[in-house]
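Asks: Give me coordinates for this.
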Amino acid sequence: MPESTVDDDTDSSRDDRGDSGNSNNNGNGNNNGNGNGNNNGNGNGNSGSTGTSSSRDAAAGTDALNLAAGWGAWSIPGVASVQANSSVAITEFSVNQPADMDAMRSTSGRWSFASVGQFSGSGTAGSLTGLSMGFDVNLNSGNISNESFNATVGGSENWATSFSGTVSGATVSMGGFSNGINGTMVGGFTVNNGFVTGFALTNGSGSALGGLGVLQGTPQ
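Replies: Okay, here's the model as predicted:
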């Protein structure tokens, strides 16, 4: 089947919160380890060479984002890929094998999806080290309910949000985040009753997180 792709070529503005493009966490010029895009080992994807970097904000004493154009790209080979720009917005999302939605509806109109431990991502605090996401969906009405998203970055930074979603064909657009989280999240239903989500998010502390996660569906 052809790939399902969402593209957005809108130019993004440069985030000026970093200090002259330095990529480090302690002001000594050392790379923080996120720019190489290594994932946590659950997914096989790597981020692009322009992955998230952070620089010390001397005035505030906190890590400030330094998002260059073409912020990051992540992939899980054979499943999906996603790219995000410096405005922490998804510019491309591709699913390798989209689902046959008529076949899914013939099995059941209602499905419950949950994470299966396969993901790839990184953020200001380090690599994505944990992801738990779930939701229920009525494929006949397109309604999504019981949504949850929980991620751990660098082994210690926690992200938790609810969200809303709209189903259109084999894709889902998500938003309405909670707990001060903003950004973009998209998803696609895949063969074998699967689902993959791509996300590019920021939180109230000025941290960013981008990546992919795989879920598995169970008919209800």
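Asks: The helix or strand containing residue 215 - what's its average pLDDT?
Replies: In this assignment (DSSP states H and E), residue 215 forms part of strand 208-219. What strand 208-219 shows for mean pLDDT is 97.
Asks: May I see the buried residues of it?
Replies: Buried residues in strand 208-219, counting neighbours by 16 or more other Cβ atoms under 10 Å, are found at 208-217. Glycine gets a C-beta too; all of them are placed from N, C-alpha and C.
Asks: Dump it to CSV, keeping only the CA atoms.
Replies: Extracted in CSV, the C-alpha atoms of strand 208-219 (Å, rounded to 0.1, in the frame of the first residue of the first chain):
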residue,chain,number,x,y,z
ALA,A,208,10.8,20.0,24.1
LEU,A,209,10.0,16.4,23.2
GLY,A,210,9.7,14.8,19.8
GLY,A,211,9.3,11.2,18.5
LEU,A,212,7.2,8.3,17.6
GLY,A,213,5.3,5.6,19.5
VAL,A,214,3.6,2.3,18.4
LEU,A,215,0.3,1.1,19.8
GLN,A,216,-1.8,-2.0,19.3
GLY,A,217,-5.5,-2.2,19.0
THR,A,218,-8.0,-4.5,20.6
PRO,A,219,-11.6,-4.7,19.3
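Asks: Who are the packing partners of it?
Replies: strand 72-76, strand 80-84, strand 110-123, strand 126-138, strand 194-202 (3 or more Cβ pairs under 8 Å, 6 or more residues apart in numbering; DSSP states H and E).
Asks: Which of these sits closest to residue 161?
Replies: strand 194-202 (7.9 Å; Cβ to Cβ).
Asks: okay, the angle between the closest one and strand 208-219?
Replies: Angle, strand 194-202 to strand 208-219, by axes from the mean of the first three to the mean of the last three Cα atoms, to 10 degrees: 160 degrees.
Asks: Please name every helix or strand in contact with strand 194-202.
Replies: Partner elements for strand 194-202 (3+ Cβ pairs under 8 Å, 6+ apart): strand 72-76, strand 80-84, strand 90-95, strand 171-175, strand 182-190, strand 208-219.
Asks: hey, which of the ones you listed is tucked in deepest?
Replies: Comparing the helices and strands packed on strand 194-202 by mean neighbour count (mean count of other Cβ atoms under 10 Å), strand 80-84 ranks first with a mean of 27.
Asks: model confidence over it, on average?
Replies: 95.
Asks: Parallel or antiparallel, list what pairs with it.
Replies: strand 72-76 (antiparallel), strand 90-95 (antiparallel) (DSSP bridges).
Asks: Could I get the ones you listed in TSV, plus columns for distance to residue 108 and mean pLDDT?
Replies: Listed next are those as TSV, based on distance: least, Cβ to Cβ, whole Å; pLDDT from 0 to 100:
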stretch	distance to residue 108	mean pLDDT
strand 72-76	26	93
strand 90-95	21	95
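Asks: would you turn the ones you listed into TSV with distance to residue 187?
Replies: Below are these laid out as TSV (distance: least, Cβ to Cβ, whole Å):
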stretch	distance to residue 187
strand 72-76	13
strand 90-95	8
